[in-house]
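K.L.:
predicted model and sequence below, questions to follow.
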Amino acid sequence: MTEVELVATALATGAATDLTGTSRGVVHDLHTALREAVRRRLAGGGDGVRGAYGVRVLDAYKTDPDVWRTRLLQVLAAGMEMDEEILGTARAVLRADRRAGHITVGLASSDAG
């Protein structure tokens, strides 16, 4: 799994609505932190893919990950540097989701940290 795929998977996982209780709170908080870190990185890119368009794709991805996944992957791959804040938070989202008893499709255990 590439860094871009890791972040996209964590964004989709964190948006899951079937979590309840404490697990929901932890995953939700981590997901919010990840979205905000990605949003800041995209918004700082100016015009084009890493500007307002990138932020719009991120917002659309939240509403329908299946439809917007390819575009989000393109936006994330278009020169956006994946720093340790983003990667670490993405891994934390997936770990918290796994602890809550969910299975993340396509995620190798060595990639989750």
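P.N.:
Everything's here; your move. Residues are numbered from 1 along each chain as shown.
K.L.:
CA only for contacts and neighbour counts going forward, please
P.N.:
Fine.
K.L.:
how much space between the residue lying closest to residue 28 once chain neighbours are set aside and residue 8?
P.N.:
Spatially, and ignoring its direct neighbours in sequence, residue 28 is nearest to residue 14 (6.0 Å; Cα to Cα, 6 or more residues apart in numbering). Here the criterion is Cα to Cα, to the nearest Å. By it, residue 14 lies 10 Å from residue 8.
K.L.:
of the two, who's got more company?
P.N.:
A direct count of neighbours by other Cα atoms under 10 Å for residue 14 and residue 8 places residue 14 higher, at 26 against 21.
K.L.:
give me the low-pLDDT residue ranges for the protein?
P.N.:
By pLDDT under 70, the low-scoring segments of the chain are 15-24, 45-50, 79, 100-113.
K.L.:
ok, 80 please
P.N.:
Low-confidence segments of the chain, defined by pLDDT under 80, are located at 14-25, 44-51, 79-81, 99-113.
K.L.:
just to check, residue 4 is in contact with residue 77?
P.N.:
Yes. Using Cα atoms under 8 Å as the test, residue 4 is close enough to residue 77 to be in contact (6.3 Å).
K.L.:
who has more neighbours out of those two?
P.N.:
Between residue 4 and residue 77, counted using other Cα under 10 Å, residue 4 has the larger neighbour count: 20 against 17.
K.L.:
check which helices and strands the host helix or strand of the more buried one is in contact with.
P.N.:
Element membership for residue 4 (DSSP states H and E) is helix 3-14. Taking 3 or more Cα pairs under 8 Å, 6 or more residues apart in numbering; DSSP states H and E as contact, the helices and strands that helix 3-14 lies on are helix 21-43, helix 52-63, helix 65-77, helix 84-99.
K.L.:
residue 77: what's it in contact with?
P.N.:
Listed by Cα atoms under 8 Å, 6 or more residues apart in numbering, the contact set of residue 77 reads residue 4.
K.L.:
many thanks, we can stop here.
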